[in-house]
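>>> Got a predicted structure here, sequence first:
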Amino acid sequence: MRKIRLRLLSRRDLAVAATPVVIITLIAFAVAFYFVKPAPPRTIVMASGQHEGRYGYYAKLYQQFMAKNGIKLDLHPSSGSVENMALLSREDSTIDVGFVQGGTGFGANAPDLVSLGALYYEPLWVFYRGKMITDLDGLRGRRIAIGAEESGTRALALQLLAMNGAVLPPTALLPLGGKEAEEQLLGRKVDAIMVVAPADSNLVQRLATSTDRDIKLLSFDRAEAYTRLFPYLTKLTLPRGVFDLARNIPAQDVTLVSPTANLIAQNSLHPALAYLLMRAATEIHSGAGVLDREGEFPAAREAGFPLSDEAKRYYKSGTPFLQRYLPFWAANLVERLWVMLVPVLAVLIPMIKLIPPVYRWRVRSRIYRWYARLKEIELQLEEEPGMVNLEEMLERLELIDRSVNRIPTPLAYSENLYSFRGHIDLVRQRVIDRLAREQHKGVPKPASELQPS
């Protein structure tokens, strides 16, 4: 029973010694939790463009990828890049991410938006009828379909045509795009159409390989000048015969100018979701195409918007370590716990080192406090006390001995208890010796020891 009691008391001492450490650790954990980002939302919204367009097609692939990782991606249809930009830029925007064509908007006008990277080339294709031309200035006075309202095609077409003086009458700029513009060109109701689309677009493929030999594809003679005037444009070469080797279409290399399609997000987008979206971009856009090589996209191109911090790290170092080996939610949970754990450990480790000395002090202090009484008796011995005082000292020493013997001491610290009891015995012996001398003084000497008178 005594052993059990001692063990319980030692645990109590340990708990008392550890209490300050636990309290400080909890405070550190609370502070770390306050600063760590919350868990990512399970639903985000993407401005996806037209359902039948290339943006709409890719948006569905992103939706499938995110769903595999437990995130619901809601798609918000729009007329195109310009509307996507407008949706993202609103102060009360509910759109988290969207596809935006390079040159459609600029970060200076939307400081809350960041780029997660360029996804693929979207060249400007100009199909026209009539005599051969070498640049956009040759379209002056023609009927030109420049894309639907609020589309990226229209925004780019207006910029480039204006630089070439091809926007004023008698030039007719028509708000037609996609299939409708194609039909108008085939029906000879327009003289030219301008289309921003990847090289594997069905519309581009159909017009480039059309049996109507009057339809031609413009090769930009001054492509280099456009890339200098508009930094978001890239000069590309469409190789001879790439559309149809048997018929050698196109019959010669074609020089194009191209913006990129970019993934633009709110700068408040949760970092874990930003990484997940870039992983989706890598899976969807990293393959080789007619105009780009395998692994060329996604790429760290700003295209008018600053790269997010996550994008900079992703394109430099790749997928975060934990997301390479763990499911998305598990990786995010571990990362958040780790962020909280580091400052907690920084506080906890040195605090834990304080527990043993505090524990030792607490156990030994129960014994050491009796040394003051023992020292007091020793000092009184130096004052030549009488027999009464010496007997009273012995009683006090006996009381100290009994009291110390009842001190609950863990077995590991019993040596301190027995050492103190040895000191009690040492002082007791000195008192007994002094008492014996005092008693000896009071006893009459035998007659044989008396001196003769």
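Structure's in. What do you need?
>>> where does the stretch 251-400 of the chain dip in pLDDT?
Using pLDDT under 70 as the threshold, the predicted model of the stretch 251-400 of the chain has low-confidence ranges 302, 333, 336, 339.
>>> What segments of it are strands?
Assigned strands in the stretch 251-400 of the chain, in chain order: 254-258, 260-266 (criterion: DSSP state E, counting those that start in this stretch).
>>> how's the protein carved up into domains?
Residue ranges for the domains of the chain, per automatic domain parsing: 38-119+262-319, 123-258, 357-440.
>>> Make TSV out of those domains and add mean neighbour count and distance to residue 27.
Where C-beta positions appear, they are placed from N, C-alpha and C, glycine not excepted. Compiled in TSV, the domains of the chain are given as follows (neighbours: other Cβ atoms under 10 Å; distance: least, Cβ to Cβ, whole Å):
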stretch	mean neighbour count	distance to residue 27
domain 38-119+262-319	19	20
domain 123-258	18	50
domain 357-440	14	18
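>>> Quick one: closest of the ones you listed to residue 350.
Among those, domain 357-440 comes nearest to residue 350, with 12.4 Å by Cβ to Cβ.
>>> follow-up on the earlier one: could the strands of the stretch 251-400 of the chain be laid out in JSON lines, adding distance to residue 123?
Rendered in JSON lines, the data for these read as follows (distance: least, Cβ to Cβ, whole Å):
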{"stretch": "strand 254-258", "distance to residue 123": "4"}
{"stretch": "strand 260-266", "distance to residue 123": "10"}
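>>> Which one, of the ones you listed, ends up nearest to residue 346?
Proximity to residue 346 (Cβ to Cβ) singles out strand 260-266 among these, at 32.7 Å.
>>> on contacts alone, who are the packing partners of that closest one?
Here strand 260-266 touches helix 81-89, strand 97-101, strand 113-121, helix 271-285, going by 3 or more Cβ pairs under 8 Å, 6 or more residues apart in numbering; DSSP states H and E.
>>> next one: that strand to chain centre, how far?
Between the centre of strand 260-266 and the centre of its host chain there is 19 Å, according to Cα atoms, centre = their mean, to the nearest Å.
>>> same deal with stretch 163-173?
Going by Cα atoms, centre = their mean, where stretch 163-173 is centred and where its chain is centred differ by 49 Å.
>>> From here on, call the first residue 37.
In the new count, where the first residue is 37, that last one comes out as stretch 199-209.
>>> What lies in contact with it?
With Cβ atoms under 8 Å, 6 or more residues apart in numbering as the test, stretch 199-209 has contacts from 171-173, 175-180, 182, 193-194, 197, 265.
>>> switch the cut-off to 7 Å
171-173, 175-180, 182, 194, 197, 265 (Cβ atoms under 7 Å, 6 or more residues apart in numbering).
>>> Quote the end-to-end distance of it.
The first and last residues of stretch 199-209 sit 15 Å apart, counting by Cα to Cα, to the nearest Å.
>>> So for that stretch, mean pLDDT?
The average of the pLDDT scores along stretch 199-209 is 94.
>>> same question, stretch 163-175
Averaged across stretch 163-175, the pLDDT comes to 95.
>>> re the thing from before, so which of the strands of the stretch 287-436 of the chain is nearest residue 106?
So among the strands of the stretch 287-436 of the chain, strand 296-302 is nearest, using Cβ to Cβ, at 18.9 Å.
>>> With only the CA atoms kept, save that closest one in PDB.
Once non-C-alpha atoms are left out, strand 296-302 reads as follows in PDB (Å, rounded to 0.1, in the frame of the first residue of the first chain):
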ATOM      1  CA  THR A 296      -1.500  32.300 -74.700                       C
ATOM      2  CA  ALA A 297      -4.500  31.000 -72.800                       C
ATOM      3  CA  ASN A 298      -3.900  31.700 -69.100                       C
ATOM      4  CA  LEU A 299      -5.300  30.400 -65.800                       C
ATOM      5  CA  ILE A 300      -6.100  33.500 -63.800                       C
ATOM      6  CA  ALA A 301      -7.200  33.300 -60.100                       C
ATOM      7  CA  GLN A 302      -8.100  35.500 -57.200                       C
END
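>>> quick one, it and strand 149-157 angle?
160 degrees (axes from the mean of the first three to the mean of the last three Cα atoms, to 10 degrees).
>>> Next, work out how far apart the nearest residue to residue 464 once chain neighbours are set aside and residue 331 are.
Take residue 464 and drop its neighbours on the chain: the residue closest to it by Cβ to Cβ, 6 or more residues apart in numbering is residue 433, 4.8 Å away. With distances defined as Cβ to Cβ, to the nearest Å, the gap from residue 433 to residue 331 amounts to 89 Å.
>>> same check, this time on residue 112
Distance check for residue 112 against residue 331: by Cβ to Cβ, it reads 30 Å.
>>> Could you say which helix or strand holds the closest residue to residue 231 other than its chain neighbours?
Leaving out its chain neighbours, the residue that sits closest to residue 231 by Cβ to Cβ, 6+ apart is residue 161, at 4.6 Å. Assigned by DSSP states H and E, residue 161 belongs to strand 160-164.
>>> can you check residue 437 too?
helix 423-441.
>>> Any chance you could list what contacts that helix?
For helix 423-441, the external contacting residues (Cβ under 7 Å, 6+ apart) are 403, 406, 409-410, 413, 416, 453, 456-457, 460, 463-464, 467, 470-471, 474-475.
>>> Let me see the confidence value for residue 216.
Confidence per residue is given as pLDDT, and for residue 216 that number is 94.
>>> by contact count, what packs against the stretch of helix or strand it belongs to?
Applying DSSP H and E as the criterion places residue 216 in helix 214-222. Secondary-structure packing of helix 214-222 (3 or more Cβ pairs under 7 Å, 6 or more residues apart in numbering; DSSP states H and E): strand 228-232, helix 238-244.
>>> Kindly recompute the last result at 10 Å.
strand 160-164, strand 179-181, strand 208-210, strand 228-232, helix 238-244 (3 or more Cβ pairs under 10 Å, 6 or more residues apart in numbering; DSSP states H and E).
>>> Work out the gap between that helix and the centre of the chain.
How far helix 214-222 lies from its chain's middle: 46 Å, per Cα atoms, centre = their mean.
>>> Could you tell me the per-residue confidence at residue 480?
With respect to pLDDT, residue 480 scores 54.
>>> ok, now how distant is the residue most central in space within the chain from residue 188?
The centre of the chain sits closest to residue 307, judged by Cα atoms, centre = their mean, with a distance of 4.6 Å. Remark: distance between residue 307 and residue 188 (Cβ to Cβ) = 28 Å.
>>> Noted, bye for now.
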